[in-house]
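> Sequence and predicted structure are below.
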Amino acid sequence: MRILTKVSAVVVAFMSLNAAGASAQSANINATATVFQAITVTGARYLSFGNVFPVVAKTVVVSDATSGRFDLTGQSSGNVNVSFTLPTNLTSGANNLPIGTWTGCTNGTNTTTGCTSFTPSAGATASAFSGAGALFVWVGGTVSPAANQAAGAYTGVVTLTAAYF
Amino acid sequence: MRGLSLGLLVVLGWAHGAAAQGVVVAPHAVYLDHRTRSASITLYNPGADAAEVEIASIYGYPVTDSLGHFMLHIPDSVDATMPAANGWIEAFPRRMTIPPLSRQTVRLLARPPQGLSDGEYWSRVMITARGAAPVATADTAGISIGLALEVRTIIPLTYRKGALSSGVAITGLTVTPAGDSLDVRARLERQGTAAYIGTARGTLLNAAGKPVARFEQPVAVYYDATPGFMLPVAGLPAGSYRVRLELVSERPDISPDLLLRAPPARDSLEVRLP
């Protein structure tokens, strides 16, 4: 979004009244600045599965309150490629916990209602910023704890890459 | 692995919610010339936690896919025939920690090879930001899962040497219905010695010549491309219309003095809405 800001600055010259022939004068000048939209890619909300049980797969869908969300800003209607680097296992020390069946959705407003679905694991997705220069990306997935899954806090990293043109 | 009975599972939670991991990046595109050989980008951490940031250079350029979308093409390998600058662009600092609500300037310096020919050379700056990982709360008797988010921002970098020119020609304009829109496609043939960076503007004119629908979209034509643009036509009465496509060397997100000026390219096509 390009915002042209014109600031009218009033410059007033104060003249010493006791100077010979002095008189008060004022003049206006315009100061202009062009502010370009910056790029922001923010991991806005962790993807969290909370507590799970052995042999009970748990799915977080994009519309869940615990889905992962990325907030992007950029040029109004600008093109952007979104791609993901996704783990196949979460880890807790030396223990692994499988994760997969990734789901994703994008929208120009911060709601999953009417969002455009995509498969995060399928490579780059072409998208575009809204007229307001916003793009929201949600990601969900499924974890499948084994029968003998060790207790622990399992973590992983979901990486979103946003390429601008 | 240690076995776990369901009876042992107790509440274990992740502190999740507002992660806000990432940095603000400005500008959208970086331009360097052979005379100054340097530029800078500004990073700002808007979050409440420190952000670990890493800068890298890669080679890639936009292409269009079969659907007319712009996609970043990253070749598997880079050879001497490619106008790649990524091998001789260095960032200072390359790794940094940006405290909350703080900014960091990154200098980009070019060290081109001796005897570099006149021309335009391309790279992409990749900014990787990592924030604090989600924190598990207290109990470790159960299974709890949380995933941290990492973000990478890729922006174009252009290095110019010598007098360059750019332009674009429109050929093969087609318009096909696509739901409540028209899918406007055209082959954009790059002219001159540099990538064409501009804006595509489409207008739908009714029989009286009055504009009734528009689109405006940034374009980057490094090699010939066939982008698609959606022109919304919902609610318009049946009849004859004209689709007008214009490309101008202007971008609202890039300073005009950085863009190579080129004459506008125009084409139009008669269409009939059912």
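Ah, there it is.

> okay, CA-based contacts and neighbour counts for the rest of this
OK.

> confidence score at A:T5?
In this model, A:T5 is scored at 37, pLDDT.

> SS state for the spatially most central residue of chain A?
A centroid search over chain A (CA atoms, centre = their mean) returns A:D71, at 1.9 Å, as the residue closest to the centre. Following DSSP: H, G, I helix; E, B strand; the rest coil, we place A:D71 in the strand state.

> OK, contacts around it?
Neighbour list for A:D71: A:40-44, A:134-137 [criterion: CA atoms under 8 Å, 6 or more residues apart in numbering or on different chains].

> hey, what's it bridged with?
Per DSSP bridges, the residues bridged to A:D71 are A:T42, A:F136.

> roughly how far apart are it and B:A85?
Going from A:D71 to B:A85 by CA to CA, to the nearest Å gives 30 Å.

> mind showing which ranges of chain B have poor pLDDT?
B:1-20, B:132-141 (pLDDT under 70).

> cutoff 90 now
When residues are selected by pLDDT under 90, those of chain B lie in B:1-22, B:28, B:47-49, B:130-149, B:252-253, B:274.

> Would you mind splitting it into its domains for me?
As recorded under automatic domain parsing, the domains making up chain B are B:20-161, B:166-273.

> Check whether the longest one comes into contact with chain A.
Yes. Using CA under 8 Å from any CA of the partner chain, a contact is recorded between domain B:20-161 and chain A, made by B:20-28, B:62, B:69-72, B:134, B:136, B:140-156.

> Mind telling me what element the most centrally placed residue in chain B is part of?
Centrality entry for chain B: nearest residue to the mean C-alpha point is B:I155, 5.9 Å, by CA atoms, centre = their mean. Secondary structure assignment for B:I155, by DSSP states H and E: strand B:143-161.

> other SSEs contacting that strand?
strand A:39-45, strand A:47-52, strand A:152-164, strand B:14-15, strand B:18-26, strand B:30-33, strand B:119-130 (3 or more CA pairs under 8 Å, 6 or more residues apart in numbering or on different chains; DSSP states H and E).

> Turn those into CSV, columns for distance to A:P120.
Listed next are these as CSV, based on distance: least, CA to CA, whole Å:
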stretch, distance to A:P120
strand A:39-45, 15
strand A:47-52, 14
strand A:152-164, 9
strand B:14-15, 23
strand B:18-26, 19
strand B:30-33, 28
strand B:119-130, 19
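
> which one of the ones you listed lies closest to A:S77?
With CA to CA as the measure, strand A:152-164 is the member of the helices and strands packed on strand B:143-161 nearest A:S77 (11.7 Å).

> For the closest one, what is the distance to the chain centroid?
Relative to its chain's centre, strand A:152-164 lies at 13 Å (CA atoms, centre = their mean, to the nearest Å).

> Show me where the stretch 101-250 of chain B has its strands.
All strands of the stretch 101-250 of chain B, identified by DSSP state E, counting those that start in this stretch, fall at B:102-110, B:119-130, B:135-136, B:143-161, B:166-178, B:181-192, B:196-205, B:211-221, B:228-232, B:239-248.

> for chain A, same thing?
A:3-13, A:25-35, A:39-45, A:47-52, A:58-60, A:68-73, A:79-85, A:89-92, A:95-107, A:116-118, A:125-128, A:134-143, A:152-164 (DSSP state E).

> Just put the helices and strands packed on strand B:143-161 in a markdown table and tack on mean neighbour count and distance to B:R103.
Converted to a markdown table, the helices and strands packed on strand B:143-161 look like this (neighbours: other CA atoms under 10 Å in any protein chain shown; distance: least, CA to CA, whole Å):
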| stretch | mean neighbour count | distance to B:R103 |
| --- | --- | --- |
| strand A:39-45 | 26 | 13 |
| strand A:47-52 | 23 | 27 |
| strand A:152-164 | 22 | 21 |
| strand B:14-15 | 18 | 27 |
| strand B:18-26 | 25 | 9 |
| strand B:30-33 | 19 | 18 |
| strand B:119-130 | 23 | 13 |
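
> for these, which one sits closest to A:A94?
A:A94 lies closest, by CA to CA, to one member of the helices and strands packed on strand B:143-161: strand A:152-164, at 10.3 Å.

> got the contact list for that closest one?
Strand A:152-164 has contacts (CA under 8 Å, 6+ apart) with A:41, A:70, A:79-87, A:89-92, A:96-97, B:28, B:72, B:136, B:140-156.
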